[in-house]
Structure formats: structure tokens, C-alpha cells
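> dropping a prediction and its sequence here:
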Amino acid sequence: GAVVSQHPSWVICKSGTSVKIECRSLDFQATTMFWYRQFPKQSLMLMATSNEGSKATYEQGVEKDKFLINHASLTLSTLTVTSAHPEDSSFYICRALAGGSYEQYFGPGTRLTVT
Amino acid sequence: AQTVTQSQPEMSVQEAETVTLSCTYDTSESDYYLFWYKQPPSRQMILVIRQEAYKQQNATENRFSVNFQKAAKSFSLKISDSQLGDAAMYFCAYRSLSRNSGNTPLVFGKGTRLSVIA
């Protein structure tokens, strides 16, 4: 089946620093990628939708200047958490849409801890 | 906007028994997908079962089956012959069926934590 990877799987950073999370589709071209955030014991909340080659669309309440999303190629989308704070600590999951189909695949997630 | 409601935060089942997880949703659309996802402690989201709204027949995948009631906007998951490995968070999810593209996101319920008792 289709595979989506995320890197890193777990990152610890200090408050005020920036962290980049990569989401890659390994065996298909992903025309659209979705980024979700999941706080402990909660559900997944959509942060933004990114289409290859265009600006991401952010959900209401998500700061686009804080969560920078780049979808520069059909196999890679990145989420950069800028000036991270402890309240940004969460589990970030990407989901990729295979171009030419309606199938979507989850990445394994990235656990971010901001100290 | 669509909403998904899972009214059971936690459920438990004896090994080998059957359990049903509830899910209701609200939408004004007629075409859509419904999903059940499993999230084990590894937190990898695993697709359990999918139902297309235009299909009247309930989807089944081995020990997993759904009871899809479109008029009632209900989509419950039945797990038969429960196994220890079934213990996880289960999320019900809705996705619009866009005729122009597939780039519609999933809307999730809050989840149900299932425990399996040996």
C-alpha cells in the first residue's frame, strides 16, 4: 500500500526556537496534503490544507505566520513551527492525497515537545 | 459545517465478545464518505472500514462491520470476536465527496477508547 513518512518522529526543542517537520509520500505523488494536530487524549484537528505549488489554506484560529507550510513538490510538504512555545507541544500528523485518486494516507505522526 | 459525534468516551469488552461503538454525524450533503479509524498506542492512524453514503449495503471487513443508517445519520461500528489487539482509540470520521477533486479533509469525532479484557 501507499506509504507516507514523517521526519522526525519525535523532537524536543527549546522555547523560542523553530522546528521543521517533513511529510513525504514515498511511492505516489501527493497533490494535496493535510496537516492535523492532536493534543493528548483528544481528537485530530485540521490545521491546514496544502496543494502542491500554491499557498496553504489555514483553518480558523490557526496562525499562518506561526505554522509555516510549504508544499514545494509532489512528494514533500513541510510544517515549520516558528518560535515554538510549550503550548505548541502536540502530536502533528500529515495526511496525503494521491493525485488522480480519492485515496488519502496518514503519516505516522511527529511528537513535538517544547521545553 | 459537518460535525461528528461519538457519545462514548470509553468502552470495554471481554475478549471474544462483541462490542458496538456509536457515531452520529450532521450534514446537509447527500454524497460523502464515512470512516472508522483505529489509533493504537503507537498513534499511527489505521483505517478500519469505509462506507460510501450512496451504498445501501453496510461495509464489512472481517470482524469489523458497520450499521449505516443514512436517514438517521448514524454510523456505528461492530467488532466481533474482540481481540486484545483491538484495544485502541477509535475515531469516526466524515469526508465530503467532492465531484471536482478528492481534496476534502476528514472531520473527526472525539474518539472512543476501547479496552479489551482478557
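Structure's in. What do you need? Numbers count the residues shown, from 1 in each chain, chains lettered A, B, ... in the order given.
> low-confidence ranges, the chain, go.
Answering for chain A, as no chain was given. A:1, A:100-102 (pLDDT under 70).
> wait, chain B
Using pLDDT under 70, chain B drops low at B:98-103.
> repeat that with 80
Scanning chain B for pLDDT under 80 picks out B:1, B:97-103.
> so what's the residue nearest to residue B:29 when sequence neighbours are not counted bridging to?
Leaving aside its sequence neighbours, residue B:29 sits nearest to residue B:96 (CB to CB, 6 or more residues apart in numbering or on different chains; 5.9 Å). For glycine as for every other residue, the C-beta is placed from the backbone atoms N, C-alpha and C. Taking DSSP bridges as the rule, residue B:96 bridges to residue B:32.
> where along chain A do the strands fall?
Remark: strands assigned in chain A by DSSP state E are A:4-7, A:10-13, A:19-25, A:30-38, A:44-51, A:57-58, A:67-73, A:76-81, A:90-98, A:104-106, A:110-114.
> contact residues of chain A facing chain B?
Counting by CB under 8 Å from any CB of the partner chain, the residues of chain A close to chain B are A:31-32, A:34, A:38, A:42-46, A:49, A:51, A:91, A:93, A:95, A:97, A:101-104, A:106, A:108-109, A:111.
> what about burial for the residues you listed, which qualify?
Buried members of the residues of chain A next to chain B, scored by 16 or more other CB atoms under 10 Å in any protein chain shown, are A:31-32, A:34, A:38, A:43-46, A:49, A:51, A:91, A:93, A:95, A:97, A:104, A:106, A:108-109.
> so which residue is dead centre in chain B?
residue B:36 (2.7 Å; CA atoms, centre = their mean).
> residues in chain B within reach of chain A, list them.
B:42-45, B:91, B:97, B:101-103, B:105-111.
> return the residues in contact with residue A:17.
Going by CB atoms under 8 Å, 6 or more residues apart in numbering or on different chains, residue A:17 touches A:83, A:84.
> do you know how far it is from residue B:71?
52 Å (CB to CB, to the nearest Å).
> same thing with residue A:31?
34 Å.
> and what of residue A:27?
On the measure of CB to CB, residue A:27 and residue B:71 end up 40 Å apart.
> export the helix or strand hosting residue B:115 as CSV, just CAs?
Using DSSP states H and E, residue B:115 sits within strand B:112-117. Output of strand B:112-117 as CSV, limited to C-alpha atoms (Å, rounded to 0.1, in the frame of the first residue of the first chain):
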residue,chain,number,x,y,z
THR,B,112,-13.9,6.2,21.9
ARG,B,113,-11.2,4.4,23.9
LEU,B,114,-11.8,0.7,23.7
SER,B,115,-10.4,-1.6,26.3
VAL,B,116,-10.4,-5.4,25.8
ILE,B,117,-10.4,-7.5,28.9
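> same for that strand, what does it pack against?
strand B:10-14, strand B:19-21, strand B:88-96 (3 or more CB pairs under 8 Å, 6 or more residues apart in numbering or on different chains; DSSP states H and E).
> show me the contacts for residue B:79.
B:13, B:18, B:19, B:20, B:21, B:63, B:64, B:86, B:114.
> look up how far residue B:12 lies from the residue nearest to it when sequence neighbours are not counted.
Distances taken as CB to CB, 6+ apart place residue B:19 nearest to residue B:79, at 5.2 Å, with adjacent residues excluded. Relative to residue B:12, residue B:19 is positioned 8 Å away (CB to CB).
> since that was my last question, I'll sign off now.
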